[in-house]
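Enquirer: Pasting a predicted model and its sequence here:
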Amino acid sequence: MSAATDDRDAPGAEGVRLERTSALGAMATLRRGVQVSPQLVQGLGVTAALAVAAAAGRVVVPVAVQQTMDTAILAPGGPQTDRVAVLVGLAALCLVVAGTCSALVNIRLFRSSEAGLAQLRVRAFRHVHDLSALTQGTERRGSLVSRVTSDVDTISLFVQWGGIMLLVSVLQILVATALMLVYSWQLTLVVWACFVPLFLVLRPAQKRVSAAYGVVRERVGAMLGAISEAVVGAETIRAYGVGGRTQRRIDAAVAATRDAMVRAQVRVALVFSSGSFVANAVLGAVVVVGTLLGVNGEISVGALLAFLFLVQLFTGPVQMATEILNELQNAIAGWRRVLGVIDTEVEVADPVGGGRTTPRGAARVELRGVTFAYPGGPPVLRDVDLDLPAGAKVAVVGATGSGKTTLAKLVTRLVDPARGAVLLDGVDLRELTLEHLRHRVVLVPQEGFLFEGTIAENVAYGAREDELPDRDAAVARAFAELGLTDWVADLPDGVHSDVGQRGERLSAGERQLVALARAHLAGADVLVLDEATSAVDPATEVRIARALDQLTAGRSTLTIAHRLSTAEAADMVVVVEEGRVVQVGPHDALLAQDGPYAAMHAAWLAQTR
């Protein structure tokens with residue numbers, strides 16, 4: 001037996017949950033974030049050099065004060081006004097240069113951060129689409145969307161504001177320390193002796209703040225999920241009169257988000273209070289010790305004044321650490337959630353090292369020893385063996401929950417079997433490239449999902465752009481070949497009619513017609529149809545039936561039949577019962593047997609009379 005048909009466990013057959021958040025530490029998260037979005041640090045060397053110049057410009061005033069006081073105003077021969085003017089002019093020039101460097105730092109950081117965050121959004125969104133429907137289903141849609149939107153926004157806010165302040169502040173502390181050592185090593189020791197204990201406390205405080213902001217991002221995601229669900233389901237909420245109950249759920253989600261934010265801000269405020277206390281204590285200590293040193297002649301008046309300016313430059317960034325810490329931890333929490341998406345294993349992926357392709361045309365589909373179970377549940381399909389001939393119209397029938405829809409997911413490779421193999425023209429689907437498979441096998445679900453835009457735009461989703469040199473002509477041809485030209489002509493703007501959000505301007509039957517035209521334009525070799533059960537008017541039902549006849553002509557078709565009239569018109573009927581295939585054959589042959597299909601057909605006839 002070939003490797004393609006051996007029983008084997010599919011990757012992730014037990015099911016993969018979407019990672020709630022990354023388990024990386026703060027620094028590891030930042031490193032991983034830069035690895036994922038390398039444009040964030042593009043040109044960082046030049047930016048850092050400009051930031052050094054901007055930080056150096058902050059010490060111009062203390063130096064100018066010291067020099068003006070000691071060498072001009074308190075000069076041995078009396079005040080020297082010319083020297084004062086020169087020193088003030090030089091200081092002003094240095095401040096202009098430093099301000100220019102600061103502006104360039106901001107511009108460069110904004111450009112690199114926006115490029116990096118756009119890269120992050122694209123990668124996260126792409127990975128979300130690569131995840132299987134089962135993995136996506138482990139988290140509410142609104143919460144999942146928040147990872148690509150609001151969570152990235154928290155990173156943006158930090159990188160564009162906190163990142164600038166963090167970079168400049170660190171450099172400012174280093175430059176201020178170096179200059180303080182020049183003026184008085186004793187006073188420098190006093191400053192650091194006061195702040196070292198605070199720095200030691202900041203690390204455990206950072207972990208607590210980080211955990212608090214992790215909860216905040218989760219609560220924000222849950223709140224957005226609840227709100228988006230309520231917006232999408234507004235019609236159902238109104239129809240059942242459960243607005244009050246829904247409002248209470250939204251209120252609870254909002255309250256939980258508020259409480260999480262308050263707890264995080266309280267922790268940040270405690271750190272801020274300790275920083276402010278130490279900053280004031282340092283200033284007092286420097287005044288006292290500096291005065292004593294001045295009395296002993298160990299420091300000049302100008303140097304002491306400059307040192308007091310430098311203390312302000314030193315303590316300012318430390319006090320600002322509250323806001324920086326706030327944004328940093330919020331950003332890291334958001335970054336972890338985005339990385340949680342990116343690092344989630346993709347269950348249904350392209351073969352490692354590239355995949356195979358197969359010749360186009362009506363295809364043969366085989367299932368060999370296929371078993372499948374949803375995560376945490378019992379098998380819904382057991383040891384299924386099927387051989388669906390090329391070009392045949394196959395109907396799959398069975399009771400609700402028998403495994404019919406799962407069969408369709410396996411044939412389209414929306415999921416992979418836990419054991420066994422699904423083959424297309426003798427090749428395991430897992431050995432085909434996903435792009436090639438999606439061109440050969442197309443699923444038309446029960447509810448034809450439409451995107452906001454026109455009918456033509458929605459139908460054109462069925463083919464690659466390079467295959468549609470004239471989109472409108474191709475769309476018109478698709479409707480004509482399906483016998484739907486009269487329906488399109490009755491629409492206000494024809495194929496350019498706007499379908500509205502999620503296709504709400506069209507009826508359920510009309511949405512299905514657009515979905516069939518989209519599938520036709522895709523030109524797939526195998527069609528998997530989940531037959532619509534929506535009630536449609538007789539005219540639309542006739543149009544759907546006629547379109548299906550044209551759509552399935554010359555193609556291999558697997559239809560999940562909810563009406564046995566579909567099975568009657570099929571070349572082959574597959575009966576599924578409790579996860580097993582119990583009967584296979586033409587309608588007439590199965591009807592002649594005393595089995596499940598005959599009983600099902602008899603019950604259906606009794607209901608239709």
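Expert: In hand now; what should we look at? Residues are numbered from 1 along each chain as shown.

Enquirer: Look at the residue nearest to V384 when sequence neighbours are not counted and report its pLDDT.
Expert: In space, and not counting its chain neighbours, V384 is closest to V370: 4.3 Å by C-beta to C-beta, 6 or more residues apart in numbering. Where you see a C-beta, it was placed from the backbone N, CA and C, and this is true even at glycine. On pLDDT, V370 comes in at 92.

Enquirer: Could you list the paired strands of the host helix or strand of V370 along with their orientation?
Expert: V370 is part of strand 365-373, with elements assigned from DSSP states H and E. With DSSP bridges as the test, strand 365-373 is paired with strand 379-388 (antiparallel), strand 419-424 (antiparallel).

Enquirer: okay, those strands, which one's buried deepest?
Expert: strand 419-424 (a mean of 23; mean count of other C-beta atoms under 10 Å).

Enquirer: Have a look at this structure and report the helix or strand with the lowest mean pLDDT.
Expert: Ranking every helix and strand in the chain by mean pLDDT, DSSP states H and E puts helix 234-240 at the bottom, with a mean of 71.

Enquirer: continuing past that helix, what's the next helix or strand?
Expert: Tracing the chain past helix 234-240, the next element assigned as helix or strand by DSSP H and E is helix 243-295.

Enquirer: Within the helices and strands, which one has E218?
Expert: helix 185-232.

Enquirer: re earlier: which one of the strands paired with strand 365-373 lies nearest to Q593?
Expert: strand 379-388 (18.0 Å; C-beta to C-beta).

Enquirer: The next helix or strand after that closest one pairs with which strands, and in what direction?
Expert: Counting by DSSP H and E, the next helix or strand C-terminal to strand 379-388 is strand 393-397. Sheet pairing of strand 393-397 (DSSP bridges) gives strand 556-560 (parallel), strand 572-577 (parallel).

Enquirer: quick one: contacts of the first one?
Expert: In this structure, residues lying in contact with strand 556-560 by C-beta atoms under 8 Å, 6 or more residues apart in numbering are 362-365, 388-396, 404-405, 407-408, 411, 525-531, 566, 570.

Enquirer: From these, list the buried ones, please.
Expert: Taking 16 or more other C-beta atoms under 10 Å as the criterion, what is buried in the contacts of strand 556-560 is 363-365, 388, 391-396, 404-405, 407-408, 411, 525-531, 566, 570.

Enquirer: just to revisit the earlier point, residues near the residue nearest to V384, how many?
Expert: Number of residues near V370 (other C-beta atoms under 10 Å) recorded here: 25.

Enquirer: V380 is in contact with that one, correct?
Expert: No - if you go by C-beta atoms under 8 Å, V370 and V380 don't touch, sitting 10.9 Å apart.

Enquirer: ok, now which ones touch the nearest residue to P389 once chain neighbours are set aside?
Expert: Closest residue in space to P389, ignoring its immediate chain neighbours: R364 at 6.1 Å, by C-beta to C-beta, 6+ apart. By C-beta under 8 Å, 6+ apart, the contact list for R364 reads 387-390, 424-426, 556.

Enquirer: Out of those residues, which is nearest to A333?
Expert: Distances from A333 to the contacts of R364, taken as C-beta to C-beta, are shortest for L424 (43.9 Å).

Enquirer: Correct me if wrong: that closest one contacts V365.
Expert: Yes - shown here, L424 and V365 form a contact pair, counting by C-beta under 8 Å, at 6.1 Å.

Enquirer: Overlap in contacts, these two.
Expert: V526.

Enquirer: Now do V216: how many residues are near it, please.
Expert: Residues near V216, counting by other C-beta under 10 Å, number 24.

Enquirer: typo on my end, A269
Expert: 12.

Enquirer: between the strands paired with strand 365-373, which one is nearest to A476?
Expert: It is, among those and with distance given as C-beta to C-beta, strand 419-424, at 31.2 Å.

Enquirer: taking the mean pLDDT, what do you get for the closest one?
Expert: On average, strand 419-424 scores 92.

Enquirer: just so I have it, where are all the strands in the stretch 401-550 of the chain?
Expert: Secondary structure of the stretch 401-550 of the chain by DSSP state E, counting those that start in this stretch: the strands cover 419-424, 427-428, 441-444, 526-530.
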